[in-house]
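Engineer: predicted model, plus sequence, below.
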Amino acid sequence: MDTATPQEIAAALVASDFPECCAALLAGSVVRQQATPTSDLDIVVVRPQGEVFRASRIHSDWPVELFVHTPHSLESFWAQDMARRRPSLVQMCAEGQILTHPKTVAEQIQQRAKDLLAQGPPALSPEEREQWRYQLTDLRDDLIGAQDRREMLAIAPLVIEKSVALWLAHHRHWLGQGKWLHRALQAPFPEQAQTLFAAQEAIFQHNHKAPLLAWANEALDVAGGPLFAGYLSVAPSPPLDQQHR
């Protein structure tokens, strides 16, 4: 039986498969002391040059997710994280355990990621705010009108995701998806997270829509209120050489 720690296993994999790398970090639930039976090893590898890729494999009975980058691609992917307001790679680099020696490059990468994480995502533009308000208003109204339980339970997760996203984006906090949705809300807004959890239980267990609708309305109100009449979204014009084809 392999008694090596996840850190030792990850470091051995990096040394064997990426000897040329200048930095590597082990991230994810194992590092946060939140590992479950299905957790994997998330490893960020930074090489001076080469192909940028994500790969999954089994190593020493551990599922492993490899995120292989160059310094240039790392900055590019971090910029994407900032734009979509979900700090996937930023957080891995900020919280990861350094696997490589010397640690200088990895420490520089980690400090840069920590700075971005602390900086937070950009504020919603006026156009984004209107679009998100409009989308949540539409979903909320669909939930209000839903009479069929199957339709109601299909709409509810969309209302939850969009309302949490609007709430967090309005307050310039990072967003989350899946298991990260509640985590993203819980850390800065524990009271709202508890209210949302109670609303989820109410609708999924008892078909009671009112608490979730109240939560959606609260998210709308902080961002400017529901929006339907007067909303306008203009599509960009096609290039001139395509307009008469």
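Structural biologist: Perfect, thanks for sending it.

Engineer: for residue 67, which non-adjacent residue is closest in space?
Structural biologist: Nearest non-adjacent residue to residue 67, counting by CB to CB, 6 or more residues apart in numbering: residue 44, 4.8 Å away. For every residue, glycine as well, the C-beta is placed using N, CA and C.

Engineer: could you export the one helix or strand that neighbour maps to as PDB, CA atoms only?
Structural biologist: Assigning secondary structure by DSSP states H and E places residue 44 in strand 41-46. Extracted in PDB, the C-alpha atoms of strand 41-46 (Å, rounded to 0.1, in the frame of the first residue of the first chain):
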ATOM      1  CA  LEU A  41      -5.100  16.200  -7.200                       C
ATOM      2  CA  ASP A  42      -5.100  19.500  -9.000                       C
ATOM      3  CA  ILE A  43      -1.600  20.400 -10.100                       C
ATOM      4  CA  VAL A  44      -0.600  23.600 -11.900                       C
ATOM      5  CA  VAL A  45       2.600  23.200 -13.800                       C
ATOM      6  CA  VAL A  46       4.400  26.200 -15.400                       C
END
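
Engineer: strands paired with the next helix or strand after that strand, and their directions?
Structural biologist: Downstream of strand 41-46, the next assigned helix or strand under DSSP H and E is strand 53-59. When pairing is defined by DSSP bridges, strand 53-59 lines up against strand 62-69 (antiparallel).

Engineer: any low-confidence regions in this structure?
Structural biologist: Where the chain drops to pLDDT under 70, the residues are 1-2, 240-245.

Engineer: again, only this time at 50
Structural biologist: 1 (pLDDT under 50).

Engineer: per-domain residue ranges of it.
Structural biologist: 6-119, 126-222 (automatic domain parsing).

Engineer: distance to residue 235 and mean neighbour count for the ones you listed - can I get that in a markdown table?
Structural biologist: A markdown table is the format used below for the domains of the chain (distance: least, CB to CB, whole Å; neighbours: other CB atoms under 10 Å):
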| stretch | distance to residue 235 | mean neighbour count |
| --- | --- | --- |
| domain 6-119 | 20 | 17 |
| domain 126-222 | 13 | 17 |
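
Engineer: that concludes my questions; thank you for your assistance.
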